[in-house]
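Novice: Here's my sequence, what's the structure:
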Amino acid sequence: MAELIDGKQLAKTINARTQQAVTQLKAQGISPKLIVIIVGDDQASQIYVRNKHRKAKQLGIISETRQLPEETSQAELLEIIDQYNHDDTVHGLMVQSPLPPQIDEDAITRAISPAKDADGFNPVNVGNLYSNSPLNFPVSCTPKGIMTMLAAYQVKLAGANAVIVGRSNIVGRPMAALLLNASATVTVVHSHTKNMQAYTREADILIVATGIAHLIKGEDIKPGATVIDVGMNRDEDGKLTGDVDFDSAESVAGKITPVPGGVGPMTIATLLQQTVELAKWSE
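Specialist: Model prediction:
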């Protein structure tokens, strides 16, 4: 049976450190502040933003949610972002996806100041990540949280064969860069990859982020591999389930994340950790 990677417990540890860092910054006269802009009434976004807001307040971070109507124009949103970019009291800024069709998400991502980019999506920060820059810069929160998990569970990265299933800008691509920077040998497979299982079965570290429930089965996993399931899907009973078929994978893998309670809590913990880092770097 695989060792469970407990994201919920690890997130508590990260949050405790973040709270400590907030106290230290406040003693220096810096109060970390996060602004989340949400456009429209997407229910999943509302729940996610509420969770972030509640947790941020618990940790002593000033958290404000700016709710904008569905019909907000791109020009109006860009103007609001510009105001926050020039507000020295704001350290972290993010615009919640999805956005209404009249707004170009790429334009919004580029508009957020790289120094306040809580999500780590701005092309300047992505460039810093891919060039393995020695500078301080934010990184996409889910991959950054996964790196924290791998370190906490002492998963050896240098020389490891890492396979990522999925190539999104939010998880797959930044995850590949982080693992490369840690000296892993990285392969990214996706919907156009022929015989994907030939790659997944060779992975010492397998990270799955596709949004397809139970895509990866136990037979697709190398015995003893570390399996990180980023998927968050609802089954026919409305129950949360991952991109990995946990029941068949657990008997093969060496270490595995559950869904829920694995990667999810680490994403929010990492966002708040990164907001505090942005405040520290702004000194």
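Novice: what helices or strands is the helix or strand that contains A176 leaning on?
Specialist: Using DSSP states H and E, A176 maps to helix 172-181. Where contact means 3 or more Cβ pairs under 8 Å, 6 or more residues apart in numbering; DSSP states H and E, helix 172-181 is packed against helix 123-130, helix 141-152, strand 161-165, strand 185-189. For the C-beta atoms, the positions are set from N, CA and C on the backbone; glycine is no exception.
Novice: Packed most tightly, which of those would that be?
Specialist: Mean neighbours per residue, mean count of other Cβ atoms under 10 Å, is largest over the helices and strands packed on helix 172-181 for strand 161-165, with a mean of 25.
Novice: could I have that one exported to PDB, CA atoms only?
Specialist: What follows is strand 161-165, C-alpha atoms only, in PDB (Å, rounded to 0.1, in the frame of the first residue of the first chain):
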ATOM      1  CA  ASN A 161      12.400  10.300 -14.400                       C
ATOM      2  CA  ALA A 162       9.400  12.700 -14.000                       C
ATOM      3  CA  VAL A 163       6.300  12.500 -16.300                       C
ATOM      4  CA  ILE A 164       3.600  15.100 -16.400                       C
ATOM      5  CA  VAL A 165       0.300  14.300 -18.000                       C
END
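Novice: tell me the angle it makes with helix 172-181.
Specialist: 170 degrees (axes from the mean of the first three to the mean of the last three Cα atoms, to 10 degrees).
Novice: So what pairs up with V188 in the strands?
Specialist: Beta-bridge pairing of V188 under DSSP bridges involves I164.
Novice: and it, how far is that from T267?
Specialist: 20 Å (Cβ to Cβ, to the nearest Å).
Novice: got a pLDDT number for the residue sitting nearest the centre point of the chain?
Specialist: Per Cα atoms, centre = their mean, the C-alpha nearest to the average position across the chain is that of T142, at 1.7 Å. What the model reports as pLDDT for T142 is 98.
Novice: which phi and psi does the spatially closest residue to it that is not a sequence neighbour have?
Specialist: Spatial nearest neighbour of T142, chain neighbours left out: T267 (4.8 Å); criterion: Cβ to Cβ, 6 or more residues apart in numbering. Torsion angles at T267 (phi, psi; degrees, to the nearest 10) stand at phi -70, psi -50.
Novice: Got the domain ranges for the protein?
Specialist: As assigned by automatic domain parsing, the chain contains the domains 29-113, 141-264.
Novice: Could you take these and lay them out as JSON lines, with extra columns for distance to T23?
Specialist: As requested, those are exported to JSON lines (distance: least, Cβ to Cβ, whole Å):
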{"stretch": "domain 29-113", "distance to T23": "7"}
{"stretch": "domain 141-264", "distance to T23": "21"}
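Novice: Check the ones you listed for me and report the most buried one.
Specialist: By mean count of other Cβ under 10 Å, the domains of the chain have domain 141-264 as the most buried, with a mean of 19.
Novice: how far is it from where the chain is centred?
Specialist: 13 Å (Cα atoms, centre = their mean, to the nearest Å).
Novice: now swap in stretch 29-47 and tell me
Specialist: 15 Å.
Novice: Would you map the strands across the stretch 1-150 of the chain?
Specialist: Taking DSSP state E, counting those that start in this stretch to define them, one finds strands in the stretch 1-150 of the chain at 3-4, 33-39, 62-68, 92-95.
Novice: Could you give the average pLDDT over the second one?
Specialist: Put plainly, it is strand 33-39. Strand 33-39 comes out at a mean pLDDT of 98.
Novice: and what of the third one?
Specialist: Averaging pLDDT along strand 62-68 yields 97.
Novice: do the last one as well
Specialist: Averaged over strand 92-95, pLDDT sits at 98.
Novice: And for that strand, what's in contact with it?
Specialist: Strand 92-95 is touched from outside by 32-39, 77, 81, 84-85, 108-109, 112-113, 116-119, 271, 274-275, 278-279, with contacts defined as Cβ atoms under 8 Å, 6 or more residues apart in numbering.
Novice: let's go with 7 Å and repeat that
Specialist: The set of residues external to strand 92-95 that reach it, using Cβ atoms under 7 Å, 6 or more residues apart in numbering, is 34-37, 84, 108, 112, 116, 118-119, 275, 278.
Novice: Same list, these, but as a markdown table with distance to L59 please.
Specialist: Listed next are the contacts of strand 92-95 as a markdown table, based on distance: Cβ to Cβ, whole Å:
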| residue | distance to L59 |
| --- | --- |
| L34 | 10 |
| I35 | 16 |
| V36 | 15 |
| I37 | 20 |
| Y84 | 21 |
| I108 | 26 |
| I112 | 22 |
| K116 | 18 |
| A118 | 14 |
| D119 | 18 |
| T275 | 9 |
| L278 | 14 |
